[in-house]
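*Asks:* Here is my input, please return the structure:
(chains A, B, C and D)
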2 protein chains.
Amino acid sequence: MSDGRTAQVHGGESLLFLTDEQLRQGIEAMFFAYRGFTADPDRILAEMAYGRAHHRAIHFINRAPGTTVNNLLVILGVTKQSLNRVLRTLVADGLVESRVGTSDKRERHLFLTEAGKALESQLSDAQRARMRAAFRKTGPEAVAGFKQVLEAMMDTDMHHAYVNLRDGG
Amino acid sequence: MSDGRTAQVHGGESLLFLTDEQLRQGIEAMFFAYRGFTADPDRILAEMAYGRAHHRAIHFINRAPGTTVNNLLVILGVTKQSLNRVLRTLVADGLVESRVGTSDKRERHLFLTEAGKALESQLSDAQRARMRAAFRKTGPEAVAGFKQVLEAMMDTDMHHAYVNLRDGG
DNA sequence: TTGGAAAGTCAACAAGGCTGACATATGCTG
DNA sequence: CAGCATATGTCAGCCTTGTTGACTTTCCAA
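*Replies:* Okay, the predicted model is just below:
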């Protein structure tokens, strides 16, 4: 596995981009980029009593308004106890509304209030500004490659739950 | 900022890849991909008493053997107290060796022991396997784009500390 | 030689994961 | 209708990993 021989040439095609060193660089790039990716919203959240967990909940409620608690915890990949702690504070602070389901009254459908939408915008603007700068700097082809590689690296279960939710709603 | 008008055409060049929707998809791709990215080592770490923080320390000590605690905490972007807790357990468990500096005795130089190198290999193999699969599936051009975008998104201070460290050592 | 700065350590606290146990309301099935 | 399954909420307690504050040791420069 770690023999560094992944750089062999097969059938004349150079696989230099698959050397262990290249892969390690990819790993480190993910690490440093993720830090940058979360830095701006983190600064905003730190001023309130919120954290990254609140941001994630707000983000996905905004993207899939009316989603249920169960959907959300599959997407986020956390336990209901963990998610509930976050949702409780967001509802108490008037950022999220939880409506009893009409067809199935066991379900709670989640929506952002106006205040919730305002915070979502603030966080999203900051995060998109950095993403936009990176996209603009590197151009559409680099962005296409970026998305392809990320898709191939994803936790598929979690992502499928999300895609299905968005396709259905 | 959120007006969705970033998709204008400027001077005949389509900027469709900079729409708010495209940026939001990039944000979500980062979220889901980072989950996948950490999933495999997380599983291994969970079986021991270790977490992601231990993995990060082990990774960078392996990449820059002899680095000091101070270097490491700049790279990792955490407080020295936070890093110290992790290092203490790694040293106690015989995975990391901490040597008092020769020129400056305040400094501690960090090295992986044989056991530490073994764990590093195990974690790295798992993580590189997923990265390799993603790279192989998408090809060298996508990988190039992926790296360009990540570089542009990085926390520059932290990354520069790392680059300088590796260039110097 | 002495005071400030730097490196590292210890203690205590908070956020946000986790498991387990349990309550409530609702839906579904025999 | 009875009984089981499902969706959600809650309490308690644990762990990891971040934080700040206080402290020691060491180095360096005035």
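*Asks:* residues from chain A in reach of DNA strand D?
*Replies:* Applying C-beta under 7 Å from any atom of the strand, one finds that chain A approaches DNA strand D through A:68-70, A:80-81, A:84, A:87-88, A:98, A:104, A:106-108. From N, CA and C alone the C-beta is placed, and that goes for glycine too.
*Asks:* Neighbour-wise, give me the winner out of those residues.
*Replies:* Neighbour counts for these (other C-beta atoms under 10 Å in any protein chain shown) peak at residue A:87, which has 23 neighbours.
*Asks:* Let me know the pLDDT of that one.
*Replies:* Per-residue confidence (pLDDT) for residue A:87: 97.
*Asks:* Strands of chain A, start to end?
*Replies:* All strands of chain A, identified by DSSP state E, fall at A:67-68, A:96-100, A:108-112.
*Asks:* which one of these lies closest to residue B:128?
*Replies:* Closest approach to residue B:128 among the strands of chain A (C-beta to C-beta): strand A:67-68, 35.0 Å.
*Asks:* Quick check: can you name the pairing partners of the closest one and their directions?
*Replies:* The pairing partners recorded for strand A:67-68 under DSSP bridges are strand A:108-112 (antiparallel).
*Asks:* what about the strand it pairs with, distance to the chain center?
*Replies:* Put simply, strand A:108-112 sits 19 Å off its chain's centre (C-alpha atoms, centre = their mean, to the nearest Å).
*Asks:* what's the angle between it and strand A:96-100?
*Replies:* 150 degrees (axes from the mean of the first three to the mean of the last three C-alpha atoms, to 10 degrees).
*Asks:* Where does chain A get nearest to chain B, which residue?
*Replies:* Nearest to chain B, among the residues of chain A, is residue A:145, at 2.3 Å (C-beta to the nearest C-beta).
*Asks:* picking up where we left off before, can you list the strands of chain A in JSON lines and add mean pLDDT?
*Replies:* Converted to JSON lines, the strands of chain A look like this (pLDDT from 0 to 100):
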{"stretch": "strand A:67-68", "mean pLDDT": "96"}
{"stretch": "strand A:96-100", "mean pLDDT": "97"}
{"stretch": "strand A:108-112", "mean pLDDT": "98"}
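*Asks:* Show me the one of the ones you listed that comes nearest residue B:155.
*Replies:* Residue B:155 lies closest, by C-beta to C-beta, to one member of these: strand A:108-112, at 28.7 Å.
*Asks:* hang on, the earlier thing: with respect to residue A:36, which of the residues of chain A next to DNA strand D is nearest?
*Replies:* Distances from residue A:36 to the residues of chain A next to DNA strand D, taken by C-beta to C-beta, are shortest for residue A:87, at 28.0 Å.
*Asks:* in chain A, which helix or strand is least confident?
*Replies:* helix A:156-168 (a mean of 81; mean pLDDT, DSSP states H and E).
*Asks:* For DNA strand C, tell me whether that helix is touching it.
*Replies:* No. Helix A:156-168 does not reach DNA strand C (C-beta under 7 Å from any atom of the strand); its nearest approach is 11.2 Å.
*Asks:* hmm, who's touching that helix?
*Replies:* Residues outside helix A:156-168 that contact it (C-beta atoms under 8 Å, 6 or more residues apart in numbering or on different chains): A:60, A:63, A:64, A:67, A:71, A:74, A:75, A:77, B:28, B:32, B:35, B:36.
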